[in-house]
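Trainee: Have a look at this fold, sequence not included:
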């Protein structure tokens, strides 16, 4: 067992001293990744009960999900809820990304004193407990008849997505040399044109990442949706949460599988964009 | 002549700079308005509501009830107990993992990082549901334990505090590991080499050199986890099975079931104040600039 005596760091720690750390770390990583994946085999089970491993296989829960609009029952109208979620998530990108990018641009260019005051205000939607934001919005939306509307959901989700967009675009702009824009303007380009033709192409990967993260944030959001959504406009996560409180419906395993595929797909894209870093 | 034109020139430049600054501030305006209208005003309104009694006049009854009522006391205790336990367990599991990752080459560390990020981006609801499936009476965990003969009949590990803790630790772990790992990566390895060249054993070098240097990252992660736990709603609602009631759940049921805005607001204000105090302490301990922005 001579390999156990191999040095694993520059300070004479041998592999056998570290072995427990390696084993512990592998178990932890395993426990981080694998439990979520258990829903995938469950979703193909034929049984109503959640037995593992499934005795028989079927696609009935997927059928249940994809053809749920046939059921005359608002509560389990998964397809309608999915469409609302997608609609709201896409609209959230169009609200949060421009507003967040504008603020990041303003913040990068303003004095350090101003940005020191503004930064905590900007990340406040992340700091205030989300339940408080949710009931605050609910109270506010009741006055403007926005409860149960797509617009209300988009506003609420944009609020949660904004700090993430800001942080991503802000750190991209921090590493970008703003003098390039000054050069363009000294050559006669207007401020907006300088931004669009010089800066934007160089931070586009960060903007795309921010968009995907805004989409995912909205798509996964539950608590604001619980209060603000309603009537014909339930979101998919809200319907899942309400169904989970009452019973363990295997349809949720099917939807969960689809959600895992969507989020890991988006994560891979974001990671690839990260490797493809914006060139400064 | 030339002195006056210089003067005028400078004046003009100053004005331009001022206008420039104003434009940049203007760009942040939509964001500021959203925060003002959707966070500051609604939360301020809740603050006001928390001081309105049942008869519609100014009173402290919502706060008095929290101190005198047993059920509120129990909710505070549950909320803090779950949050503290989750934070401790996350630290015990997360610190060794972050340390392990910080010792690997960049390439391998990035591969492990994917393992941390996958759950981070998987829907919270999906992960909570997966634990419900795993931990239930006829679930995978019970079945394995039965097959191995560890237990003679299924044990109850969900719809109680244990289940809630398992789910919350799983969800919170990435929040602890990300800042901690970033901090550990930044520790100069030469410090450890210096310690060992001066005769420190690896254990001693770790505790006297590495561990103190990793404390800022640990505190940052710990406080983030604790603050997030305080406001947790979805996981305890599903994995707690109605037996674990945390502050956020009480706020929600006060409104959904009892339409009792005063009571909900007062609880919300307490939650907000506790969160603000912790974040203030955090900002004093760790410079917030660390979080990848500067």
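Mentor: Here it is on my side, so go on. Note that the structure is predicted; figures quoted are calculated from it, not measured. Numbering: from 1, shown residues only, chains lettered A, B, ... in the order given.

Trainee: Tell me which other helices or strands the helix or strand hosting residue A:242 touches.
Mentor: Using DSSP states H and E, residue A:242 sits within helix A:236-246. Helices and strands touching helix A:236-246, as assessed by 3 or more CB pairs under 8 Å, 6 or more residues apart in numbering or on different chains; DSSP states H and E, comprise helix A:78-109, helix A:204-220, helix A:223-228, helix A:251-275, helix B:124-135, helix B:234-239. (C-beta placed from N, C-alpha, C; glycine too.)

Trainee: Outside of stretch B:120-127 itself, list whatever touches it.
Mentor: A:35-36, A:39, A:216, A:219-220, A:222, A:237, A:240-241, A:244, A:256, A:259-260, A:263-264, A:266-267, B:119, B:167, B:170-171, B:174, B:178, B:234-235 (CB atoms under 8 Å, 6 or more residues apart in numbering or on different chains).

Trainee: try 7 Å this time
Mentor: A:36, A:39, A:216, A:220, A:222, A:237, A:240-241, A:256, A:259-260, A:263, A:267, B:119, B:170-171, B:174, B:234 (CB atoms under 7 Å, 6 or more residues apart in numbering or on different chains).

Trainee: how far does it sit from the chain's center?
Mentor: Put simply, stretch B:120-127 sits 16 Å off its chain's centre (CA atoms, centre = their mean, to the nearest Å).

Trainee: and residue B:226, how far is that from residue B:276?
Mentor: Counting by CB to CB, to the nearest Å, the separation of residue B:226 from residue B:276 is 13 Å.

Trainee: ok, how many other residues are close to the residue in the stretch 101-250 of chain A positioned nearest to chain B?
Mentor: Using CB to the nearest CB, the single residue of the stretch 101-250 of chain A nearest to chain B is residue A:136, 2.8 Å away. Neighbourhood size, residue A:136 [other CB atoms under 10 Å in any protein chain shown]: 25.

Trainee: where's residue A:272 relative to chain B, distance?
Mentor: 12 Å (CB to the nearest CB, to the nearest Å).

Trainee: show me the contacts for residue A:160.
Mentor: Listed by CB under 7 Å, 6+ apart, the contact partners of residue A:160 are A:125, A:217, A:221, A:224.

Trainee: scratch that, residue B:181
Mentor: Here residue B:181 is in contact with B:98, B:101, B:102 (CB under 7 Å, 6+ apart).

Trainee: could you redo those residues as a markdown table and give each row secondary structure, pLDDT and neighbour count?
Mentor: A markdown table is the format used below for the contacts of residue B:181 (DSSP: H, G, I helix; E, B strand; the rest coil; pLDDT from 0 to 100; neighbours: other CB atoms under 10 Å in any protein chain shown):
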| residue | secondary structure | pLDDT | neighbour count |
| --- | --- | --- | --- |
| B:98 | helix | 94 | 28 |
| B:101 | helix | 93 | 23 |
| B:102 | helix | 91 | 20 |
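
Trainee: so which of those residues comes closest to chain A?
Mentor: residue B:101 (7.6 Å).

Trainee: Quick check: residue A:214 touching residue A:163?
Mentor: No: between residue A:214 and residue A:163 there is no contact, the gap being 10.6 Å when judged by CB atoms under 7 Å.

Trainee: that older thread, helix/strand/coil for the residue of the stretch 101-250 of chain A closest to chain B?
Mentor: Assigned by DSSP: H, G, I helix; E, B strand; the rest coil, the conformation of residue A:136 is helix.

Trainee: Count the residues that sit near the residue lying closest to residue A:216 once chain neighbours are set aside.
Mentor: Excluding the flanking residues, the one nearest residue A:216 by CB to CB, 6 or more residues apart in numbering or on different chains is residue A:266, at 5.6 Å. Counted by other CB under 10 Å, the residues lying close to residue A:266 total 17.

Trainee: for whichever residue of chain B sits closest to chain A, what are its contacts?
Mentor: Of all residues in chain B, residue B:42 sits closest to chain A, at 2.8 Å by CB to the nearest CB. By CB under 7 Å, 6+ apart, residue B:42 lies in contact with A:136, A:137, A:139, A:140.

Trainee: and the two most separated of those residues?
Mentor: A:137 and A:139 (7.3 Å; CB to CB).

Trainee: what about these two, which has more around it?
Mentor: residue A:137 (23 against 19).

Trainee: Contacts only, for that one.
Mentor: If a contact means CB under 7 Å, 6+ apart, then residue A:137 has A:156, A:224, A:227, A:228, B:38, B:42 as its contacts.

Trainee: per-residue pLDDT, it?
Mentor: Residue A:137 carries a pLDDT score of 91 in this model.

Trainee: likewise residue B:237?
Mentor: At residue B:237, pLDDT is 91.

Trainee: For stretch A:220-228, what is the distance to the chain centroid?
Mentor: Between the centre of stretch A:220-228 and the centre of its chain there are 14 Å (CA atoms, centre = their mean).

Trainee: what residues does the stretch 101-250 of chain B put near chain A?
Mentor: B:103, B:112, B:115-119, B:121-127, B:129-134, B:136, B:138-140, B:143, B:170, B:173, B:189, B:192-193, B:196, B:202, B:205, B:230-231, B:233-234, B:237-238, B:248 (CB under 7 Å from any CB of the partner chain).

Trainee: which of those residues count as buried?
Mentor: B:103, B:112, B:115-119, B:121-127, B:129-134, B:136, B:139-140, B:143, B:170, B:173, B:192, B:196, B:202, B:205, B:230-231, B:233-234, B:237-238, B:248 (16 or more other CB atoms under 10 Å in any protein chain shown).
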